[in-house]
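Novice: the amino acid sequence is not available; the structure is as follows:
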């Protein structure tokens, strides 16, 4: 597609429920990132995928969070047993080859999650 | 760990005035630095990317400089317009991860 596409754009869920957030990166981009932006906070790195390499999951805040990327394209971020502190905007981004200093990273519009 | 600081946190100027936004970072071994714009309720839009070997990049009314040795970047926006009102984020890349500043929220008054 023309840009990074994320769905749903908004999600309200009850505490304790599981949610899935989807990201469709720019076609041909091998690198995919998930970031989280809480109200009034900066962007927090969650997870990084690059091609067929093992993902960097070092930013996931707890074992309730997981992500996968199927076929090197679409990615799903899953939050199990949601808590109110999970309320945030979840931003997905993609770029070309990692390590190439000139590559711009492109962000989607985000999935706005509210846990009530 | 890379720390990125943006000053000021907020800025309000009359239309037509030039904007100067500052970004500093603690680890100078960066791959590149990007400036993003974020409108309320929206994602991030990339404005300029400066590679570590470059000293500046320009796009229209925007100019960004990079002084890697001192760990600083400045984004200049010439002849500001109300449409420039947004939050501007600076991000540096040491490897594949971006470290973000907290942003500068700009209001341009008509």
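Specialist: In hand now; what should we look at? Being a predicted model, the structure only gives us computed values, none of them experimental.
Novice: chain A contacts on chain B?
Specialist: B:31-32, B:34, B:36, B:41-46, B:49, B:51-53, B:89, B:91, B:93, B:95-103 (C-beta under 8 Å from any C-beta of the partner chain). Bear in mind the C-beta positions are built from the backbone N, C-alpha and C, glycine included.
Novice: how does it look with 10 Å?
Specialist: B:4, B:6, B:30-32, B:34, B:36, B:38, B:41-54, B:89, B:91, B:93, B:95-103 (C-beta under 10 Å from any C-beta of the partner chain).
Novice: among those, name the buried ones.
Specialist: B:4, B:6, B:30-32, B:34, B:36, B:38, B:43-44, B:46-52, B:54, B:89, B:91, B:93, B:96-103 (16 or more other C-beta atoms under 10 Å in any protein chain shown).
Novice: still on that earlier bit, among the residues of chain B next to chain A, which are in strands?
Specialist: B:4, B:6, B:32, B:34, B:36, B:38, B:44-51, B:89, B:91, B:93, B:98-100 (DSSP state E).
Novice: list the residues that contact residue B:45.
Specialist: Contacts for residue B:45 (C-beta atoms under 10 Å, 6 or more residues apart in numbering or on different chains) come out as A:106-107, B:35-39, B:86, B:89.
Novice: and it, how far from residue B:98?
Specialist: 14 Å (C-beta to C-beta, to the nearest Å).
Novice: isn't residue A:79 right up against residue A:113?
Specialist: Yes - contact status for residue A:79 versus residue A:113: in contact at 7.6 Å, counting by C-beta atoms under 10 Å.
Novice: touching both of the two, which residues are there?
Specialist: A:11, A:13, A:19, A:21, A:86, A:90.
Novice: same list (these) but as TSV, adding pLDDT, neighbour count and distance to chain B.
Specialist: Listed next are these as TSV, based on pLDDT from 0 to 100; neighbours: other C-beta atoms under 10 Å in any protein chain shown; distance: C-beta to the nearest C-beta, whole Å:
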residue	pLDDT	neighbour count	distance to chain B
A:11	97	18	14
A:13	97	16	19
A:19	98	18	19
A:21	98	21	13
A:86	96	21	19
A:90	97	22	11
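Novice: need the max-distance pair from those residues.
Specialist: For these, the farthest-apart pair by C-beta to C-beta is A:13 and A:90; their separation is 12.6 Å.
Novice: now list whatever residues contact both of the two.
Specialist: A:19, A:79, A:113.
Novice: residues touching the second one, list them.
Specialist: Residue A:79 makes contact with A:11, A:13, A:17-21, A:60-62, A:64-67, A:86, A:90, A:113, A:115 under the criterion C-beta under 10 Å, 6+ apart.
Novice: now it: closest residue in space that isn't a chain neighbour?
Specialist: residue A:19 (5.1 Å; C-beta to C-beta, 6 or more residues apart in numbering or on different chains).
Novice: find me the pLDDT at the residue nearest the centre of chain A, would you?
Specialist: Central residue of chain A (C-alpha atoms, centre = their mean): residue A:34, 2.9 Å from the mean position. Reading off the confidence values, residue A:34 has pLDDT 97.
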